[in-house]
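**Student:** When you get a sec, could you give me coordinates for this:
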Amino acid sequence: MGLELFMVGVMVEDMGRALEFYRRLGVEIPEGSEGKGHVEIKMSGLTFFLSTHSINKRWDPAKTEASGGYRIILEFYLEKREVLDAKYAEMIGYGYESHVAPYETPFKMYFAMINDPDGNTILLSSEL
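**Tutor:** Residues are numbered from 1 along each chain as shown. So this is what the prediction gives:
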């Protein structure tokens, strides 16, 4: 049996604030998740989860804060450039911080980056 990426998780300070961000981004998060310390969302054969630091301390007693550079980048694919532009403008309109405005890459992709409420960089991508 080979190695397979099973889950990707984001540690968050404020679950309500994180849920609002990812719902606005377009992630389908179950209603009633606001009061939970850990929320899992099945996506394309992978589970995306959000977990508060208090929950994280229960299963990782050696947890330390990340420092320098990216902690991790989550990429969300939006298929069309126009859809990416609209989502980027919508998220910035909500007051979320831009990391890099939309731009064309040399390898025929279109990218934009925004920061979630916990400072994680979110990559939005589409084909050119």
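**Student:** For the longest helix anywhere in the chain, buried residues please.
**Tutor:** Determined from DSSP state H, the single longest helix within the chain is helix 81-93. Buried residues in helix 81-93, counted by 16 or more other C-beta atoms under 10 Å: 81, 84-85, 87-88, 91. C-betas here are computed from N, CA, C, even on glycine.
**Student:** And that helix, how far out from the chain middle?
**Tutor:** When distances are taken as C-alpha atoms, centre = their mean, to the nearest Å, helix 81-93 is centred 15 Å away from the chain's centroid.
**Student:** again with stretch 98-113
**Tutor:** 16 Å.
**Student:** Can you tell me what sits against it?
**Tutor:** By C-beta atoms under 8 Å, 6 or more residues apart in numbering, the residues outside stretch 98-113 that reach it are 73, 81, 84-85, 88, 92, 114-115, 121-128.
**Student:** circling back: could you single out the nearest of the buried residues of helix 81-93 to Glu13?
**Tutor:** Each of those was checked against Glu13 using C-beta to C-beta; the closest is Met91, at 18.7 Å.
**Student:** Identify the residue nearest the closest one in space, chain neighbours excluded?
**Tutor:** Ile114 (5.2 Å; C-beta to C-beta, 6 or more residues apart in numbering).
**Student:** how many neighbours does the one you found have?
**Tutor:** 22 (other C-beta atoms under 10 Å).
**Student:** Beyond the lowest-mean-pLDDT helix or strand in the chain, next helix or strand please.
**Tutor:** Confidence across the helices and strands of the chain bottoms out at helix 53-59, with a mean of 59, counting by mean pLDDT, DSSP states H and E. Once the chain leaves helix 53-59, the next helix or strand it forms, by DSSP states H and E, is strand 73-77.
**Student:** and that next one, what other elements does it pack with?
**Tutor:** Packing partners of strand 73-77 (3 or more C-beta pairs under 8 Å, 6 or more residues apart in numbering; DSSP states H and E): strand 121-127.
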